[in-house]
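# test case, fold it:
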Amino acid sequence: MFCNSRSFVASLVLVMFQLFSVSVKASAITSDSLKLMRFSDSLAKVFEDDGLSAGQIHEAFEKNNKRFNVSISRYLEIEEQVILAESCLEYNQFDIANQLAIDVLKASRMLGYKSGIASAHEVLAYISHNLDEHEKAMQLADSIYWFYETLGKDSLLTAPLILKAIVDTNHNQAIEYLAQVAQIATKKQDLSTLSNVYHNLSFEYFEVENLDSAAVYVQKSYAVSEQINSSKTWAYHYWLEALLAFRLQEFDQAEARFIKSLENVSDSSKSIGLSCFNALVQLNIQKKEFQKALSLLLTRNQLFTSNTKKEFENRRQIYEEIQRLNKEKHLQEVRFEKIAFEQTRLRIIILATIVIVLLLFFVVYLQARNKKKLEKINQTITLNKKLIETKNRELTDSINYAQRVQNSLLPREEKIKKLLNDNFILFLPRDIVSGDFYWIVSNEVGVYFAVADCTGHGVPGAMVSSVCYNALNKSLQENITEPAQILNRTRELIVSEFDDADEALSDGMDIALCSIKGENMEYAGAYNSLIIIRDNELIEIKADKQPVGKFIQYKPFTNQCFELKKGDVIYLFSDGFADQFGGERGKKFKNTRFKALLCEIHQLPMADQKHKLKEIFEGWKSSYSQVDDVSVLGFRY
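Numbers count the residues shown, from 1 in each chain. Just a heads-up that it's a prediction; the model follows:
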């Protein structure tokens, strides 16, 4: 063909893009001007209502007008760069056009100027198309179309659709885009756009070898050209007629139409003139009229080459000058910003210094004023501390004395050894005094011994234990011999003791009580079981599920009798060992583990059993606090 067809059509449409962009952006600036006028009117109205002078109104307006002009100047700078970039495209200076488009894109994004972003995308789409980056060009063209589509005016979609037709490599799809443009232009009676789209449709049909359809749009181009009647439209139209004649191999007709197109070429349609000269040179070469072809070639070079180079050089100089001025402006703005920053920092430092000095004075004043108050408070604290220490010392002394009293009530080691022979007692109070106690007496009937766990621990538990201890002794003194009957009578005494108090109490004790006479042993229990290990087998004697104290429903305690064998190991204990938290997971020791432990150690000497139980208890407890008093009595029969 005579030239790169798609690129050539793209350059023809470029002028229409420039006019379209300037029209849209000019309307945006006009809209901004109207907004400024309305703002000025409303501002003056507010000032008048407040009784302000005309000078004040004028000053306020000038301030806002200056701000508006600064904003407009930024938009105009962007539009200047857009026009320069599009001019560079006409001369295929893609590197300069690309840099200008990138600059426009950055500036427009900073301002939120969507029209500038769309213009930058137009230039970048055209560059990508000419570099055969068709997918990228199509994405950019789509983004431009979506932007103008959001404005809600069909008339604004013509240029984006024509751009999509240019960059789309599918000719049939391009024809669909151009058909949409034709519908919009016909509806709006936009003859300029109709002329342009008919030229493009004709050319697209040339590309798909549909000469009949191409001829239809060439004829439509003629009708529109008659209405517009400008040299530019006639130049385009005759150029299309020449192309059609050439495709139909009517070379004489084609030559005549190329010459006719040349007659209508003007400054705004130089690209058509260049194409016509190229076509005429090739036609004369085909006809072997080389002299004429050479003459046309020299004429073309004389007309276009010098002007093109001069015009491009002028545009390049303009571009370089704009770049230089923008750089100087940027440097000046940086200097001003630096000065403003230094001034602001100096003000902040001075202000901060003043604030710090004032704060220091204020702090010194507060310290001086509060010094005496603090001294008085410290004196009061010191006095209260001494009083508390005195009270604590007195309280500790009282508790220690209570411990000595409690220990005096407990049977001595010599007495226990005499009555039970081979035995041990592990007694570990949680606090200084204990709610647990062990008890052993003898009479003509036999030996009586028990381990009891009274309500509470510490001082309260110790007080309850003294009541229970005395009740147990009193019951035995009444010549009651069976352990169950002793517990029944002890319960009566405890309930009676607490009922006589000003405030009713429901305290009592859990206990395991045994009596031995010869080989016969009797047992009665309140919650606390009895364990006998015989021939490596653990036998648990269950207690009654009721305390020795107030209860919902009283029942007589059960008396259980059995015969001992030599080597039997008997254990009485409270629940403190099994309820202790500890181990790796902080769980209770539990009865199951405690029973297993007794089975494991029962063959050891009694002193070693006591040592082992204490060692295991301390190891299990570790860093955890002791939760209850611990009492374990064991003896071997």
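# could you say what helices and strands the longest strand anywhere in the chain packs with?
Criterion DSSP state E: the longest strand present in the chain is strand 508-517. On a contact count with 3 or more C-beta pairs under 8 Å, 6 or more residues apart in numbering; DSSP states H and E, strand 508-517 meets strand 447-454, helix 458-477, helix 483-499, strand 520-526, strand 548-549, strand 569-573. Glycine gets a C-beta too; all of them are placed from N, C-alpha and C.
# compare those and give me the one nearest residue 398.
Among these, helix 458-477 comes nearest to residue 398, with 8.8 Å by C-beta to C-beta.
# buried sites along that closest one?
For helix 458-477, burial by neighbour count (16 or more other C-beta atoms under 10 Å) applies to 458-459, 461-469, 471-472, 475-476.
# from the contact counts, what lies against it?
Partner elements for helix 458-477 (3+ C-beta pairs under 8 Å, 6+ apart): helix 306-409, strand 436-442, strand 447-454, helix 483-499, strand 508-517.
# least confident of these, on average?
Confidence, taken as mean pLDDT, is least for helix 306-409 of those (a mean of 77).
# ok so, going back, right, so of the helices and strands packed on helix 458-477, which gets closest to residue 299?
helix 306-409 (12.4 Å).
# remind me what that closest one packs against, helices and strands.
Contacts defined by 3+ C-beta pairs under 8 Å, 6+ apart place helix 306-409 against helix 54-90, helix 94-111, helix 458-477.
# just those helices: most buried one?
Mean neighbour counts were taken over those using mean count of other C-beta atoms under 10 Å, and the top value, a mean of 20, falls to helix 458-477.
# what residues go with each domain of this structure?
Here the domain parsing of the chain from automatic domain parsing is 1-153, 410-636.
# columns distance to residue 211 on top of those, output as JSON lines?
As requested, the domains of the chain are exported to JSON lines (distance: least, C-beta to C-beta, whole Å):
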{"stretch": "domain 1-153", "distance to residue 211": "14"}
{"stretch": "domain 410-636", "distance to residue 211": "93"}
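# residue 332: which of the ones you listed is closest?
It's domain 1-153; of the domains of the chain, that one is closest to residue 332 (C-beta to C-beta) at 14.5 Å.
# now that closest one: average pLDDT?
When pLDDT is averaged over domain 1-153, the result is 64.
# start at 236, not 1
That works, and once the first residue is 236, the last one we named lands at domain 236-388.
# residue 342 is in contact with residue 311, isn't it?
No. If you go by C-beta atoms under 8 Å, residue 342 and residue 311 don't touch, sitting 11.5 Å apart.
# and residue 658, what does it touch?
Neighbour list for residue 658: 651, 652, 841, 868, 869, 870, 871 [criterion: C-beta atoms under 8 Å, 6 or more residues apart in numbering].
# closest to residue 333 out of the residues you listed?
Closest approach between those and residue 333, by C-beta to C-beta: residue 869, at 99.3 Å.
# which residues does the helix or strand containing the closest one contact?
Using DSSP states H and E, residue 869 maps to strand 865-871. With contact meaning C-beta under 8 Å, 6+ apart, strand 865-871 is reached by 655-663, 665, 669, 671-673, 684, 686, 688, 802-809, 811-812, 815, 841, 844-845, 848, 852.
# next one: stretch 821-833
Here stretch 821-833 has contacts from 766, 768, 773, 775, 806, 808, 812-818, 848, 851-852, 855, 859, using C-beta under 8 Å, 6+ apart.
# now it: mean pLDDT?
For stretch 821-833, mean pLDDT rounds to 94.
# buried residues in that stretch, which are they?
Buried residues in stretch 821-833 (16+ other C-beta under 10 Å): 824, 829, 830, 832, 833.
# among those residues, which ones are in helices?
The helices, defined by DSSP state H, take in 829, 830, 832, 833 from the buried residues of stretch 821-833.
# as CSV, those with distance to residue 594 would be great.
Below are those laid out as CSV (distance: C-beta to C-beta, whole Å):
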residue, distance to residue 594
829, 66
830, 71
832, 68
833, 72
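# nearest to residue 394 among these?
The closest of those to residue 394 turns out to be residue 829 (C-beta to C-beta; 94.3 Å).
# distance of that closest one relative to residue 836?
Using C-beta to C-beta, to the nearest Å, residue 829 is found at 11 Å from residue 836.
# and the residue nearest to residue 375 when sequence neighbours are not counted, how many residues sit next to it?
Nearest-residue entry for residue 375: residue 360, 3.7 Å, with adjacent residues in sequence omitted and distances by C-beta to C-beta, 6 or more residues apart in numbering. By other C-beta atoms under 10 Å, 27 other residues sit near residue 360.
# CA atoms only for whichever helix or strand residue 360 is part of, dumped as PDB, please.
Assigned by DSSP H and E, residue 360 belongs to helix 349-365. What follows is helix 349-365, C-alpha atoms only, in PDB (Å, rounded to 0.1, in the frame of the first residue of the first chain):
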ATOM      1  CA  LYS A 349      -9.300  13.300  35.800                       C
ATOM      2  CA  SER A 350      -9.400  15.000  32.400                       C
ATOM      3  CA  GLY A 351      -5.600  15.400  32.500                       C
ATOM      4  CA  ILE A 352      -5.200  11.700  33.300                       C
ATOM      5  CA  ALA A 353      -7.400  10.800  30.300                       C
ATOM      6  CA  SER A 354      -5.300  13.000  28.000                       C
ATOM      7  CA  ALA A 355      -2.100  11.400  29.200                       C
ATOM      8  CA  HIS A 356      -3.700   8.000  28.500                       C
ATOM      9  CA  GLU A 357      -4.600   9.100  25.000                       C
ATOM     10  CA  VAL A 358      -1.000   9.900  24.200                       C
ATOM     11  CA  LEU A 359       0.300   6.700  25.800                       C
ATOM     12  CA  ALA A 360      -2.300   4.600  23.900                       C
ATOM     13  CA  TYR A 361      -1.200   6.100  20.600                       C
ATOM     14  CA  ILE A 362       2.500   5.500  21.400                       C
ATOM     15  CA  SER A 363       1.800   1.900  22.400                       C
ATOM     16  CA  HIS A 364      -0.100   1.300  19.200                       C
ATOM     17  CA  ASN A 365       2.700   2.600  17.100                       C
END
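# who does that helix touch, helix- and strand-wise?
Packed next to helix 349-365, using 3+ C-beta pairs under 8 Å, 6+ apart, are helix 240-284, helix 289-325, helix 329-346, helix 369-385, helix 393-402.
# where does residue 807 land on pLDDT?
96.
# ok, it - contacts?
673, 684, 685, 686, 747, 749, 763, 765, 867, 868, 869.
# which one among those gets closest to residue 521?
residue 867 (125.8 Å).
# bridged to the closest one, which residues?
Taking DSSP bridges as the rule, residue 867 bridges to residue 661, residue 808.
# picking that back up, which of the contacts of residue 658 are buried?
With neighbours counted using 16+ other C-beta under 10 Å, these contain these buried positions: 651, 841, 868, 869, 870, 871.
# taking those, tell me the two that lie furthest apart.
With distances taken as C-beta to C-beta, the most widely separated pair in the buried ones among the contacts of residue 658 is 651 and 871, at 13.4 Å.
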